[in-house]
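Next one to model:
(chains A and B)
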Amino acid sequence: MKLLTLEADLKGRARAVFSLDENAVVGFSLSAPPPHIKADLSIAWPIACAKLLKKAPLKIASELAHAFSPDFEAQAIAPGFVNLKLKDAFLLEELKELEKPGYFERPEFKGEKVNLEFVSANPTGPMHLASGRGATLGDSLAKIFRTLGAEVSTEFYVNNAGRQVELLGQSLKARLEGKEPPEGGYQGEYLKPLAASLPKEAAGWTDKEFSDYAVAEMLKLHKADMKVFGVEFDRWFLESELHEEGGPARTLAALKERGMTYEKEGAVWLGTSTVMDSDDKDRVLVKSDGRNTYFLNDIAYHLDKFDRGFTRVIDIWGADHHGHVPRMEAAVAALGRENSSFKVIIHQQVALLRGEEIIKMSKRAGDFIALKELVDDVGTDACRFFFASRGPNTHLNFDVGLAKKKSNENPVFYVQYVHARICSIFDNAAAKGVDPLAGFDEARVVINPEERAIMLKLLWMEKVLGDCARDFSPHHLTTYLTELAANFHSFYDKHKVLDPENKEVSAYRLFVLRSVKAMIARGLGLLGVSAPERM
RNA sequence: GUCCCCAUAGCUCAAAGGAUAGAGCUCCUGCCUUCUAAGCAGGCAAUCCAGGUUCGAUUCCUGGUGGGGACACCA
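Numbers count the residues shown, from 1 in each chain, chains lettered A, B, ... in the order given. Prediction:
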C-alpha cells in the first residue's frame, strides 16, 4: 500500500472513530518522526483537532491508536502524537511495487495538459550561465509533472522579431565591415567569428538578412547549449510564427470585443488597472506610432497556448520580470481564461561573484559568463544538481571560481556514488557465489534498522514528488536523494551484502538494493543527472 | 517613494504550524588484510530585531533593520 493510500485509509478510520464529516478532518497527514523517536510514521492531528472534538489531545491520540491496531503498532505519545510502526510484510510488499510503471501517478494530474515555457532567452548572444537555473527548474519540473501523470509539453519562446534583433543584425553587419557595432548594439566578441564565417554574398545583404542569419546562428548555439545541459524542448516557438498567423491582431480584436481596451493619446490601452483592478496601472497594447508593444505580442502568444488545448499554462521567469506578472495575469483573465490555469513561477536572479567581486553582466556590453563555460569545466551533472538543490526563491550567489574549483565537493557525487556502489555489488555477485535473482523466504527475513530506514525512505519518494509539484521546485528531490544516499552509505558500511555463507540474507539484501538503485536512478533522471555504474 | 523576493552554523542550503531545527563544505578525533574511503562513526557550531495570533512559531500577521530585484507608448 502506498503512503498516500495509507494516509487516506487512516484518515477514514479517524473519521469513523470520531463520527466526523469528510471536511471536518483537516491537517491529517503522515509525517516522518524526528530521529530520536523510534517509529516509522507519525500523526500530529490529535493535537490540532482537540478543540474541535472538545477532548484532550492525548485522549484523542490514544483512541486513534486503538483504532489502528492490530494492523499497526500504534502508540499515543504526549502531547498527542500517534506514532506508527509498519509491519515488516508491509514494507517488503511495497518495495515490489515501487518500480511498476505509473506508480507515482496521481488522479489530480490525470488529464492535465501542461505547457511549460522556460529559458526563452533572446537569441542575441550565447546562453548565459543564469539561464542554467531556469533550464534546470523547467526541465526537472516537466519530468516531475509527467511522473505524476500529467501530459507535459516544454517550450522555448524565441523573440526573433523586433528592435533587439534588428540591432543584432546591424552589429553583425558592422563587424563584417570592420566597424564597431552601432549605438546600443551588441559589443560582444562572439560576433567577430560569426562575421568572419559569413558567406561571400553577405556583402550585399539587407539588414533583415543579417538579422535572420544572426538569429539562426544564435538559435543553433542555444539548442546545442541546452542539449549539453540535458534539456530538450518539445517546441521552439518563434515569435515570427505568431505574426504570420495574425495572432496579435486577433488577440487585440478579442480584447476589444470583451470591452477591456480603450484609446487614449493615440494609443490602445488594456484596462489592467481601471477595468480589472489587478495591476497598478493600465498598459499599452498598440503604441501611438501604430506598432504593437511586446506586451500585446506576449498576450497573443499565451492565447495561442490556450488555443492549443493546454489546461495549464506555466511560465518560468527570472525575478527581473516579476513586475510583469500582474499584467499578464490580468490579460489572461481579460481573455476569459481561468486564472487558476495560468501560473508564473518566478525564480530569483543568479548573482555571479568572482571572489568578493560581483560580475556585472550584459550581453550588449559583451561581458558575461556563458553557460557552456561552466558546463565544460564542472560537467552537466554538478551544474544541474547544484541549481536544482535550491528553491526558486533563494537569492543565489554563485562564485564562478569556487564552483569550478570545488566540483568534487558537490553532493551530486555523494548520490551518484550510491548507484556506482550498488552496480559494483551486483557485478561481484557471481564471483562471490551469490545469485542476484535468487528468491528468499520473506517470512524469515529480519529487517535491521539500517534496512528499515532505507525502505521507509524509498516509500517516501511518492510524497517528495508531490512536494516538488506543490512548491514548483525540484529542491525537495535533491534533499531527498541526499538523505536516501546517507541511509545507503550507512547501511553499506555496517552490513555485508554478498555473503556466500548466507545466501538467503544476500538475496534479500540484493532485493532491497535493487530498489535503492532504481530510485536513485529515477530521482537523478528527473533532475537530468546521470547515474554512473562506475566512479 | 511604491511593489516583489530574501535573512537559519564560519560558508552554501533544507525544514505542510508540531516532538531534541536537518545536510554539505570548512575545522577537530577515530575507521581501509573484508562487496569502490567520492565512504562510515563522532565532535565544534545557527533561526536578524520588537510585538501579535496559537496548546505550540524558523514557518502565519504587523512594524523595524539589512541585502537583492522591479517600477517605459523597451524587449
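
Run through the bridge partners of the nearest residue to A:Phe310 once chain neighbours are set aside.
Residue nearest to A:Phe310 in three dimensions, not counting chain neighbours: A:Asn115, with 4.1 Å by CB to CB, 6 or more residues apart in numbering. The C-beta positions use only the backbone N, C-alpha and C, and glycine is treated the same way. Beta-bridge pairing for A:Asn115 (DSSP bridges): A:Ser153, A:Val313.

Tell me how many other residues crowd A:Asn115.
When neighbours are counted by other CB atoms under 10 Å, A:Asn115 registers 24.

try A:Thr136
28.

Domain map for chain A?
For chain A, automatic domain parsing gives the domain ranges A:3-86, A:118-238+A:348-406, A:410-526.

I'd like these written out as TSV, with distance to A:Asp280 added.
What follows is the domains of chain A, written out as TSV (distance: least, CB to CB, whole Å):
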stretch	distance to A:Asp280
domain A:3-86	36
domain A:118-238+A:348-406	22
domain A:410-526	25
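
Can you lay out those domains as a markdown table showing mean pLDDT?
Compiled in a markdown table, the domains of chain A are given as follows (pLDDT from 0 to 100):
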| stretch | mean pLDDT |
| --- | --- |
| domain A:3-86 | 92 |
| domain A:118-238+A:348-406 | 91 |
| domain A:410-526 | 95 |
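
ok, now which ones touch the residue nearest to A:Phe310?
A:Val152, A:Ser153, A:Glu155, A:Lys305, A:Arg308, A:Phe310, A:Arg312, A:Val313, A:Ile314 (CB atoms under 8 Å, 6 or more residues apart in numbering).

do A:Ile77 as well
Contacts of A:Ile77 were listed using CB under 8 Å, 6+ apart, and they are A:Ile37, A:Ala61, A:Asn83.

May I have the beta-bridge partners of it?
Assessed by DSSP bridges, A:Ile77 has beta-bridge partners A:Phe81.

now the contacts of A:Ile77: which count as buried?
Buried members of these, counted by 16 or more other CB atoms under 10 Å: A:Ala61, A:Asn83.

what does the stretch 301-450 of chain A put close to RNA strand B?
By the rule CB under 7 Å from any atom of the strand, the part of the stretch 301-450 of chain A lying against RNA strand B is A:319-324, A:346, A:348-349, A:351, A:389-391, A:393-397, A:406, A:408-409, A:411, A:413-414, A:417, A:420-421, A:423-425, A:428.

Tell me which of those fall in helices.
If you go by DSSP state H, these have A:Pro411, A:Phe413, A:Tyr414, A:Tyr417, A:Ala420, A:Arg421, A:Cys423, A:Ser424, A:Ile425, A:Asn428 in helices.

so what's the fifth one closest to, chain neighbours aside?
It refers to A:Ala420. The shortest distance from A:Ala420 to any non-neighbouring residue, by CB to CB, 6+ apart, is to A:Met535 (4.2 Å).

what sits against that neighbour?
A:Met535 touches A:Phe413, A:Gln416, A:Tyr417, A:Ala420, counting by CB under 8 Å, 6+ apart.

picking up where we left off before, among the contacts of A:Ile77, which are located in strands?
A:Asn83 (DSSP state E).

Among the contacts of A:Ile77, which ones lie close to RNA strand B?
Of the residues in the contacts of A:Ile77, proximity to RNA strand B by CB under 7 Å from any atom of the strand holds for A:Ile37, A:Asn83.

Looking at the contacts of A:Ile77, which one is closest to A:Ala161?
Taking CB to CB as the measure, A:Ala161 lies nearest A:Ile37 of the contacts of A:Ile77, at 60.3 Å.

helix or strand for the residue positioned nearest the centre of chain A, which one?
The geometric centre of chain A, computed from its C-alpha atoms, lies nearest to A:Leu141 (CA atoms, centre = their mean), at 2.9 Å. Element membership of A:Leu141, judged by DSSP states H and E, is helix A:131-147.

buried stuff in that helix?
Within helix A:131-147, the residues that qualify as buried are A:131-147, counting by 16+ other CB under 10 Å.

what does stretch A:486-497 give?
For stretch A:486-497, by 16+ other CB under 10 Å, it's A:Asn487, A:Phe488, A:Phe491, A:Tyr492, A:Val497.

Is any residue of it near RNA strand B?
Yes - shown here: stretch A:486-497 in contact with RNA strand B (CB under 7 Å from any atom of the strand) through A:Ala486, A:His489, A:Ser490, A:Tyr492, A:Asp493, A:Lys494, A:His495, A:Lys496, A:Val497.

Name the residues that touch that stretch?
Here stretch A:486-497 has contacts from A:414, A:417-418, A:421-422, A:425, A:448, A:450-451, A:453-454, A:457, A:506, A:509-510, A:513, A:516, using CB under 8 Å, 6+ apart.

List buried residues within the residues you listed.
Burial by neighbour count, judged by 16+ other CB under 10 Å, picks out A:417-418, A:421-422, A:425, A:450-451, A:453-454, A:457, A:506, A:509-510, A:513, A:516 from those.

Quick one: residues contacting the residue nearest to the centre of chain A.
With contact taken as CB under 8 Å, 6+ apart, A:Leu141 is in contact with A:Leu116, A:Ile314, A:Ile316, A:Ile345, A:Cys468, A:Ala469, A:Phe472, A:Ser473, A:Pro474.

How about the backbone phi and psi for the third one?
Backbone torsions for A:Ile316, taken as degrees, to the nearest 10, come to phi -110, psi 120.
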